[in-house]
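Engineer: Sequence first, predicted coordinates after that:
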Amino acid sequence: NQLKKYFPITGGILARKIGEVKAVDDVSFSVHHGETLGLVGESGCGKSTTGRVLLRLLEATDGDILFEGQSITTLSSKQMKKLRKEMQLIFQDPYASLNPRHTVEKILEEPLIVHGIKDKQERKKRIREMLSVVGLDSYHASRYPHQFSGGQRQRIGIARGLMTHPKLIIADEPVSALDVSIQSQVLNLLKDLQHKFDLTYIFIAHDLGVVRHISDRVGVMYLGRLVELTASDALYDEPLHPYTKSLLSSVPIPDPNLPINDDELLTGEMPSPSNPPKGCAFHTRCKECMDMCKTTRPVFKEIKPNHYVACHLYNDEQAHS
Ligand code: SF4
Ligand code: MG
């Protein structure tokens, strides 16, 4: 009853790329320095797993991960510990990931101790600075997680992630647990921090609405595979994969006069990730399913410049017509 943690990750060597991922069908994606890559899909699609595999919090079944041109899959745990300073994960539910018995100061101090900042005064100074950067006050340092609101707790979680001055942040649904009004505050904070600290983000979310304004590119995942990947604008304006179209139809549209296309609303349950359907994994829910979709897995390929799709609707003739 083992879930296939089947996320081979591979590398290609390009100087400005910070990490590169290969899904099971020979597709690799890279994250460019300073960009935000959104990864979207329903729960169980493998997006959180991808994030953890990238940081080697989970080991890849196969493949390779490159960070700034260096393969990290074979690094020892000691070498990896050093590198973790540069790659941090921010969690969906900061409450679950913040020790309730520790003060904010202790929570923020821990990564500094782990990474060898021995001077106590230096640690205190960095904690005060970081609290202010995320919009909290220094008197908050002596408080405990339960004394904060959800949005403030996420600020603490973000502060903790930034304590070691990482380059890459993998944010796993960082606003999903927050009220809508608080979500945009935290998204804006993340954007500001990106500029201030020259951060690269992989931003994981379960709906396309949240990542729209923060992502430069968006990858859509279904059952452990990428089905579409392109620049944000192209994805929202001209989605190609039927699954992406369904996801977009379920995002509330800003203009209520625009009709919702009911044909594209997603129906049916997502199949079990441990036993995905043969052929195109989406065929059990796809309204455009053809015979070949049930037997042959579509290859993830570039249909238009920088627009990658895995779907038989876009065969070669169409791509070149
Ligand atoms: Fe639908 Fe077939 Fe495309 Fe899969 S390959 S998304 S089943 S049309
Ligand atoms: Mg998840």
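Structural biologist: Now that the structure is in, tell me what you want to look at. Ligands and ions are numbered 1, 2, ... in the order given.

Engineer: tally of neighbours for His102?
Structural biologist: By the criterion of other CB atoms under 10 Å, His102 has 14 neighbours. Quick note: C-beta positions are derived from backbone N, CA and C, even for glycine.

Engineer: Am I right that it falls within a helix?
Structural biologist: No - counting by DSSP: H, G, I helix; E, B strand; the rest coil, His102 is not part of a helix but coil.

Engineer: How about it: what's its closest non-neighbour residue?
Structural biologist: Using CB to CB, 6 or more residues apart in numbering and skipping the chain neighbours, the partner closest in space to His102 is Tyr144 (7.4 Å).

Engineer: is it true that the one you found touches Pro100?
Structural biologist: Yes - judged on CB atoms under 8 Å, Tyr144 makes contact with Pro100 at a distance of 6.6 Å.

Engineer: More neighbours: which of the two?
Structural biologist: Just comparing Tyr144 and Pro100: by other CB under 10 Å the higher neighbour count belongs to Tyr144, 15 against 9.

Engineer: Which pLDDT value belongs to the residue nearest to His102?
Structural biologist: Listed pLDDT for Tyr144 reads 96.

Engineer: cool, Phe203 as well?
Structural biologist: On the pLDDT scale, Phe203 is placed at 93.

Engineer: in the sheet, who's paired with it?
Structural biologist: Going by DSSP bridges, Phe203 is paired in beta bridges with Gly38, Ala171.

Engineer: For it, give its distance to Val104.
Structural biologist: Counting by CB to CB, to the nearest Å, the gap between Phe203 and Val104 amounts to 24 Å.

Engineer: again, but for Gly157
Structural biologist: Counting by CB to CB - Gly157 and Val104 are separated by 11 Å.

Engineer: Over to Phe282?
Structural biologist: 44 Å.

Engineer: do Ser149 as well
Structural biologist: Taken as CB to CB, the span from Ser149 to Val104 is 13 Å.

Engineer: With neighbour numbers in mind, choose between the two.
Structural biologist: Neighbour tally, Ser149 and Val104, criterion other CB under 10 Å: the higher count belongs to Val104, 27 against 11.

Engineer: Now the more buried one. Nearest residue, chain neighbours left out?
Structural biologist: Going by CB to CB, 6+ apart, Val104 has Ala141 as its nearest residue, at 5.1 Å.

Engineer: three-state assignment of Glu122?
Structural biologist: helix.

Engineer: for it, what are its contacts?
Structural biologist: Under the criterion of CB atoms under 8 Å, 6 or more residues apart in numbering, Glu122 has no contact partners.

Engineer: change the start of the numbering to 53 and stick with it
Structural biologist: Shifting the count to begin at 53 puts that one at Glu174.

Engineer: Per-residue pLDDT of it, please?
Structural biologist: Taking Glu174 on its own, its pLDDT is 96.

Engineer: Strands of the stretch 103-252 of the chain, start to end?
Structural biologist: Here the stretch 103-252 of the chain has its strands, by DSSP state E, counting those that start in this stretch, at 118-119, 122-123, 139-142, 220-224, 252-257.

Engineer: after the longest one, next one along is what?
Structural biologist: Sequence-wise, the next helix or strand beyond strand 252-257 is helix 260-263, with elements assigned using DSSP states H and E.

Engineer: Make a markdown table from the strands of the stretch 103-252 of the chain and add distance to Pro163 and mean neighbour count to it.
Structural biologist: Listed next are these as a markdown table, based on distance: least, CB to CB, whole Å; neighbours: other CB atoms under 10 Å:
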| stretch | distance to Pro163 | mean neighbour count |
| --- | --- | --- |
| strand 118-119 | 18 | 22 |
| strand 122-123 | 22 | 13 |
| strand 139-142 | 8 | 23 |
| strand 220-224 | 13 | 24 |
| strand 252-257 | 18 | 25 |
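
Engineer: Mind putting those strands into TSV with distance to Gly276?
Structural biologist: Listed next are the strands of the stretch 103-252 of the chain as TSV, based on distance: least, CB to CB, whole Å:
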stretch	distance to Gly276
strand 118-119	21
strand 122-123	22
strand 139-142	19
strand 220-224	16
strand 252-257	14
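
Engineer: Between the ones you listed, which one is closest to Val83.
Structural biologist: Val83 lies closest to strand 252-257 among the strands of the stretch 103-252 of the chain, at 5.9 Å (CB to CB).

Engineer: which phi and psi does Arg269 have?
Structural biologist: phi -130, psi 160 (degrees, to the nearest 10).

Engineer: so it makes contact with Leu91?
Structural biologist: No - Arg269 lies out of contact with Leu91 (CB under 8 Å); the separation is 9.9 Å.

Engineer: ok, those two, which is more surrounded?
Structural biologist: Set Arg269 next to Leu91 and count neighbours by other CB under 10 Å: Leu91 wins out with 29 against 22.

Engineer: Done for today, thanks.
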